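A.B. asks: got a predicted structure here, sequence first:
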Amino acid sequence: MKFTKMQGCGNDYVYVNCFKESVEDGSKAAIKVSNRHFGIGSDGLILIKPSDKADFMMDMYNADGSRSQMCGNGIRCVAKYVYDYGLTDRKNISIETGAGIKYLDLKVEEGRVTEVTVDMGTPIIVPELIPVVSDRERIVAMPITVGGISYEMTCVSMGNPHAIVFVDNTKSIDIEKIGPLFEHHAMFPERTNTEFIHVIDRHTIDMRVWERGSGETLACGTGACASVYACILNGLTEDEVRVRLLGGELKVKYDREKNTIFMTGPAVTVFEGEIYV
Ligand SMILES: N[C@H](CCC[C@H](N)C(=O)O)C(=O)O
C-alpha cells in the first residue's frame with residue numbers, strides 16, 4: 001500500500017489516496033501503520049476517498065484502530081495532499097467527514113499548499129455522550145476529581161468529544177497517568193479527548209492533549225478549537241486565540257455571528273513510501 005506521511009504541528013498521520021489504493025480494513029491498517037517500531041509510526045491513519053456530497057471524503061482512524069468523526073490537523077493535510085498531488089486545482093474545497101462537510105481555504109506558495117484555514121463548524125456543548133450528568137444542561141466548569149486531583153471540567157464537542165481542564169502549568173502535569181483516567185472515565189461512554197490548558201493571556205493559551213485512541217500527541221486541531229470555546233465560555237479569553245502546542249501553533253477564531261470556529265495552521269508532507277499491510 002502506497003502512502004504519504006504528513007504532519008500538522010507534529011500531529012502526524014499516514015495518508016492513503018483511496019482513489020488509487022484500496023484499504024480493506026481501515027482499523028487493522030491503522031494499528032499496523034501507527035506502530036512506531038513495527039510499522040511506519042504515526043498518530044493514526046487517514047484515508048482520502050471520493051465523496052458524493054463534497055469534493056473529497058476524509059476517513060480517520062486513531063493509532064489504536066478506533067475511528068473518529070473529525071481531525072483538524074488531519075483535514076489540513078488532506079487539503080494539501082489533494083492540491084499538491086493534482087486531485088484538484090481549486091483553493092477552496094469541501095471535505096466530507098464524520099462531523100459533517102467542512103470547508104477549507106488553501107494558501108499556496110510556489111505551487112504548494114503551506115497553510116490552510118478550516119471552518120471547523122459549530123462547537124457543541126450539550127454533548128449527548130455524557131448522559132450520566134442529566135441534571136445539567138451543559139458541562140461548564142463542572143467540578144470533577146480524577147486521579148485524586150480536583151479539576152473544573154468543560155465539555156465541548158467538535159463532532160468528537162473533548163474534556164477541557166485548566167492547569168497552572170502544562171509542563172508539570174503527569175499526562176501519562178492522568179490522560180488515560182480521563183479518556184476511560186465512566187462519564188464518557190465513547191471515551192474522550194482531554195485538553196490541559198494554561199491561559200497565558202486573553203489571546204494566548206498553552207495546551208497539552210491526551211487523545212482518545214492515540215495518547216499524548218504534539219497537537220490536536222479539534223482539541224484546540226474545543227479548548228478556545230471552553231476558554232470563551234469561562235470568560236478567560238477573547239474570540240481570537242493563539243494556541244501554543246508542543247508541536248507548533250494554531251490560530252483559532254470563534255465567529256459569533258456564524259456561531260462557527262475557524263482554525264488556521266500549517267500542513268507538511270514528510271515522505272512517501274510503500275508498506276505491506
Ligand atoms: N488529532 C486530531 C483529533 C483526533 C481525535 C481523535 N483522537 C478522536 O478519537 O476524537 C485533530 O487534530 O483534531
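C.D. replies: Right, received. Where do you want to start?
A.B. asks: domain boundaries for this protein, per the record?
C.D. replies: Following automatic domain parsing, the chain resolves into domains at 2-118+265-274, 127-258.
A.B. asks: want to throw these into a markdown table with mean neighbour count, mean pLDDT and distance to the ligand?
C.D. replies: Just so you know, the C-beta spots here come from the backbone N, C-alpha and C atoms, and that holds for glycine as well. Below are these laid out as a markdown table (neighbours: other CB atoms under 10 Å; pLDDT from 0 to 100; distance: least, CB to the nearest ligand atom, whole Å):
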| stretch | mean neighbour count | mean pLDDT | distance to the ligand |
| --- | --- | --- | --- |
| domain 2-118+265-274 | 19 | 98 | 3 |
| domain 127-258 | 19 | 94 | 3 |
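A.B. asks: okay, P266 and L233: tell me how far apart.
C.D. replies: 27 Å (CB to CB, to the nearest Å).
A.B. asks: please apply the same query to Q69.
C.D. replies: Taken as CB to CB, the span from Q69 to L233 is 21 Å.
A.B. asks: what does G221 give?
C.D. replies: Distance from G221 to L233, by CB to CB: 19 Å.
A.B. asks: check D206 too.
C.D. replies: Taken as CB to CB, the span from D206 to L233 is 18 Å.
A.B. asks: pull the contacting residues for W210.
C.D. replies: Shown in contact with W210 (CB atoms under 8 Å, 6 or more residues apart in numbering): I175, I178, G179, P180, F182, E183, N193, T194, F196, E216.
A.B. asks: tell me the one of the residues you listed nearest I261?
C.D. replies: N193 (15.4 Å; CB to CB).
A.B. asks: OK, contacts around that closest one?
C.D. replies: Taking CB under 8 Å, 6+ apart, one finds 160-163, 183, 209-212, 220, 222-223, 226 in contact with N193.
A.B. asks: any idea which helix or strand carries the residue lying closest to C220 once chain neighbours are set aside?
C.D. replies: Nearest residue to C220 in three dimensions, chain neighbours excluded: V209, at 4.3 Å (CB to CB, 6 or more residues apart in numbering). Element membership for V209, per DSSP states H and E: strand 204-211.
A.B. asks: neighbouring strands for that strand, and are they parallel or not?
C.D. replies: Paired strands of strand 204-211, with direction, are strand 193-201 (antiparallel), strand 215-217 (antiparallel), strand 240-245 (parallel) (DSSP bridges).
A.B. asks: tell me what the next helix or strand after the last one is packed against?
C.D. replies: What it means is strand 240-245. Next along the chain after strand 240-245, taking DSSP H and E as the criterion, comes strand 248-255. Applying 3 or more CB pairs under 8 Å, 6 or more residues apart in numbering; DSSP states H and E, we find strand 248-255 packed against helix 221-233, strand 240-245, strand 260-266.
A.B. asks: what angle sits between the second one and strand 260-266?
C.D. replies: For strand 240-245 against strand 260-266, the angle by axes from the mean of the first three to the mean of the last three CA atoms, to 10 degrees is 50 degrees.
A.B. asks: now strand 240-245 - C-alpha only, CSV.
C.D. replies: Provided in CSV are the C-alpha atoms of strand 240-245 (Å, rounded to 0.1, in the frame of the first residue of the first chain):
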residue,chain,number,x,y,z
GLU,A,240,-9.4,35.1,18.6
VAL,A,241,-6.7,33.0,20.3
ARG,A,242,-3.2,31.7,19.6
VAL,A,243,-2.9,28.1,20.7
ARG,A,244,0.6,27.1,21.6
LEU,A,245,1.1,23.3,21.4
